[in-house]
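Colleague: Below: sequence and its predicted model.
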Amino acid sequence: AQTVTQSQPEMSVQEAETVTLSCTYDTSESDYYLFWYKQPPSRQMILVIRQEAYKQQNATENRFSVNFQKAAKSFSLKISDSQLGDAAMYFCAYLRNTGNQFYFGTGTSLTVIP
Amino acid sequence: KAGVTQTPRYLIKTRGQQVTLSCSPISGHRSVSWYQQTPGQGLQFLFEYFSETQRNKGNFPGRFSGRQFSNSRSEMNVSTLELGDSALYLCASSPLAGDTYEQYFGPGTRLTVT
């Protein structure tokens, strides 16, 4: 079974600074998808960024970018110019190429300090 | 376009009772997945429905069941409630079965079992 590990239960960052959230995963598959989801206190899960495993280029969405290291099975999220609205729980998720279900990490709670 | 809606948002039940939760996907979406979120276990996949058929099921006891209607709305039922069933239940919808792009999450139903 696929497992996703987020080793940082909590992180904090100063407003306008950069922070990196770590995620590693275990799989024997070669084709899959990786996601970062954000869950603010309102509890609505929101997609932050998506990466296809077959693409070597790291995905970027405005201030959010990933460092995808397929051989190391690592998928970290970098948030640049952190804003107060970035404070949330961040979940790393793995999706098989057949879709169907996400495997989530345990989450990293991000605090943004004004 | 309206998002995923879940009703009720909050629910308090007693051990031994049963409960039914409802999820209305985004209009046009035909796949609905359910997840259980607890502080100890994180987010765990319950099941996925597409075109009124259960396509995939997570590792949960038979007390957890679900169904999907012809309009894609889905319900999940938990019978003989246990204290450990207290959790946030999230549903997510996507346009297709096995969609590898994105699942859109609802706000969740907070179930408390006393």
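Modeller: Nice, thanks for sending it over.
Colleague: Sheet partners, orientation included, of whatever helix or strand B:S33 lives in?
Modeller: Using DSSP states H and E, B:S33 sits within strand B:31-38. Sheet pairing for strand B:31-38, assigned by DSSP bridges, gives strand B:42-50 (antiparallel), strand B:87-94 (antiparallel).
Colleague: Identify the residues contacting it?
Modeller: A:100-102, A:104, B:23, B:25, B:43-50, B:55, B:60, B:66, B:68, B:72-74, B:76, B:86-99, B:103, B:108 (C-beta atoms under 8 Å, 6 or more residues apart in numbering or on different chains). In short, each C-beta sits where N, CA and C put it, glycine included.
Colleague: so who does the closest residue to B:G66 other than its chain neighbours touch?
Modeller: Closest residue to B:G66 apart from its sequence neighbours, by C-beta to C-beta, 6 or more residues apart in numbering or on different chains: B:M76 at 4.2 Å. The contact partners of B:M76, taken as C-beta under 8 Å, 6+ apart, are B:20-21, B:23, B:34, B:46-47, B:64-66, B:89, B:91.
Colleague: Am I right that B:M76 is in a strand?
Modeller: Yes: counting by DSSP: H, G, I helix; E, B strand; the rest coil, B:M76 is located in a strand.
Colleague: Pairing partners for it in the sheet, please.
Modeller: B:L21, B:G66.
Colleague: Now the most centrally placed residue in chain B. Nearest residue, chain neighbours left out?
Modeller: The centroid of chain B falls nearest to B:W34 when counting by C-alpha atoms, centre = their mean (3.3 Å). In this structure, B:W34 finds its nearest non-sequential neighbour in B:L46, 4.0 Å apart by C-beta to C-beta, 6+ apart.
Colleague: on that earlier part again, quick one: pLDDT of the residue nearest to B:G66?
Modeller: Model confidence at B:M76, given as pLDDT, is 98.
Colleague: what stretches of chain B score poorly on pLDDT?
Modeller: Applying pLDDT under 70 to chain B picks out residues B:1, B:97-100.
Colleague: 80 instead?
Modeller: Residue ranges of chain B with pLDDT under 80: B:1, B:96-102.
Colleague: quick one on the thing from earlier: including mean neighbour count and distance to A:Q6, could the strands paired with strand B:31-38 go into JSON lines?
Modeller: Formatted as JSON lines, the strands paired with strand B:31-38 follow (neighbours: other C-beta atoms under 10 Å in any protein chain shown; distance: least, C-beta to C-beta, whole Å):
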{"stretch": "strand B:42-50", "mean neighbour count": "22", "distance to A:Q6": "9"}
{"stretch": "strand B:87-94", "mean neighbour count": "24", "distance to A:Q6": "18"}
